[in-house]
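**Q** fold the following.
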Amino acid sequence: MKTFQPKAKDIKRQWHLIDIKGAVLGRTASKISTLLMGKNKVNYAPHMDMGDYVVVVNAKDVRVTGKKESQKVYYRHSGYPGGFKEIAFSKLKKKHPEKIIELAVKRMLPTNRLKDKRMSRLKVFADSNNPYKDKFKNPSTK
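**A** You can find the predicted model right below:
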């Protein structure tokens with residue numbers, strides 16, 4: 001018996017629509033990262049990029065638990081002296097709610113050469129309008 005090794009031509013990518021309205025950030029981000037990696041598939045191989053496309057809508061309505069709404073802070077550094085920046089969760093939610101989802105998912109993916117490709121398949125929108133509506137199968141039209 002041989003171990004099955006999937007080929008690049010065997011990869012079938014699907015589209016998933018996730019409405020994050022009222023959902024908890026961390027729990028939803030972990031589900032999204034699983035879909036992007038392809039771990040939900042039967043023929044998953046960790047060395048291959050087998051994930052699906054994920055479209056997230058209503059990012060402005062994401063929810064966090066506890067006091068994170070007022071206490072959570074995002075940090076970054078430009079690499080230059082004095083380049084340390086910070087922004088509060090509540091301010092980022094008003095200004096760029098898509099960025100919150102992207103950062104949460106990006107930090108849950110493994111840091112390797114596949115990370116950028118996986119992140120390129122994540123599409124996040126602040127409201128329910130998105131240009132990918134034709135990609136999803138409508139169960140009532142079958």
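**Q** now the closest residue to Y44 other than its chain neighbours: how far from K94?
**A** Distances taken as C-beta to C-beta, 6 or more residues apart in numbering place G38 nearest to Y44, at 5.5 Å, with adjacent residues excluded. Heads up, the C-betas are built off the backbone N, CA and C, glycines and all. Distance, G38 to K94, by C-beta to C-beta, to the nearest Å: 34 Å.
**Q** helices of the protein, start to end?
**A** Applying DSSP state H to the chain gives helices spanning 25-37, 68-71, 89-95, 97-108, 115-120.
**Q** for N129, which of these is the nearest?
**A** Among these, the nearest to N129 by C-beta to C-beta is helix 97-108 (12.6 Å).
**Q** start to end distance for stretch 61-79?
**A** Using C-alpha to C-alpha, to the nearest Å, the end-to-end distance of stretch 61-79 comes out at 33 Å.
**Q** that stretch: how far from the chain's middle?
**A** 16 Å (C-alpha atoms, centre = their mean, to the nearest Å).
**Q** return the set of buried residues in it.
**A** Counting neighbours by 16 or more other C-beta atoms under 10 Å, one finds that the buried residues in stretch 61-79 are D61, V62, V64, K72.
**Q** quick check, nearest of these to A45?
**A** Taking the buried residues of stretch 61-79 together and measuring to A45 by C-beta to C-beta, the closest member is V62, at 31.5 Å.
**Q** next one: that closest one from I11, what distance?
**A** Distance, V62 to I11, using C-beta to C-beta: 30 Å.
**Q** turn the helices of the chain into TSV, columns for mean pLDDT and distance to H77.
**A** Converted to TSV, the helices of the chain look like this (pLDDT from 0 to 100; distance: least, C-beta to C-beta, whole Å):
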stretch	mean pLDDT	distance to H77
helix 25-37	97	23
helix 68-71	95	21
helix 89-95	96	17
helix 97-108	97	15
helix 115-120	97	19
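**Q** distance to H16 for these - can I get that in TSV?
**A** Shown next, in TSV, are the helices of the chain (distance: least, C-beta to C-beta, whole Å):
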stretch	distance to H16
helix 25-37	6
helix 68-71	26
helix 89-95	23
helix 97-108	13
helix 115-120	13
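**Q** no further queries at this time; thank you.
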